[in-house]
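Trainee: just to be clear, the model below is a prediction. Sequence and coordinates:
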Amino acid sequence: TYGPNTNVSSGGSIVWCAEIAGRYVGQCIAAMVRYGYKELAVKPEVHDEYNDYITQELKWTAWDDQRCVSWYKSGAGKVTNNLPM
């Protein structure tokens, strides 16, 4: 449950985020069993839209500032660790 954009940046709890993600995955698996699905895939356009949204929301944070040097950023300068909400 820990990956890109999973650090909580607004004073919340990473445990809570992990619990919510786990609950969502459990609901997805239950639906797969219920309907007999063998696989689950995220639509590329849904992924891209969400990723664009997160990137835009991070633009107002200190981590996105050009002067900020942080392990929260990739080598290319993109903030990849924090969740902006």
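Mentor: On my side now, so go ahead. These figures come from a predicted structure and were not determined experimentally.
Trainee: every contact and neighbour count from this point should use C-alpha atoms.
Mentor: Will do.
Trainee: now residue 24: how far from residue 8?
Mentor: 18 Å (C-alpha to C-alpha, to the nearest Å).
Trainee: how about residue 63?
Mentor: With C-alpha to C-alpha as the criterion, residue 63 and residue 8 are 13 Å apart.
Trainee: again, but for residue 43
Mentor: 25 Å.
Trainee: more neighbours, those two?
Mentor: Taking neighbours as other C-alpha atoms under 10 Å, residue 43 and residue 8 compare with residue 8 leading, 17 against 8.
Trainee: backbone dihedrals for the nearest residue to that one once chain neighbours are set aside, please?
Mentor: Distances taken as C-alpha to C-alpha, 6 or more residues apart in numbering put residue 83 closest to residue 8, at 5.4 Å, once the chain neighbours are dropped. With angles defined as degrees, to the nearest 10, residue 83 shows backbone torsions of phi -100, psi 130.
Trainee: packing partners of the lengthiest helix in the chain?
Mentor: The longest helix of the chain (DSSP state H) is helix 14-35. Judged by 3 or more C-alpha pairs under 8 Å, 6 or more residues apart in numbering; DSSP states H and E, helix 14-35 is in contact with strand 7-8.
Trainee: would you give the sheet partners of the strand it packs on, along with the direction of each?
Mentor: strand 82-83 (parallel) (DSSP bridges).
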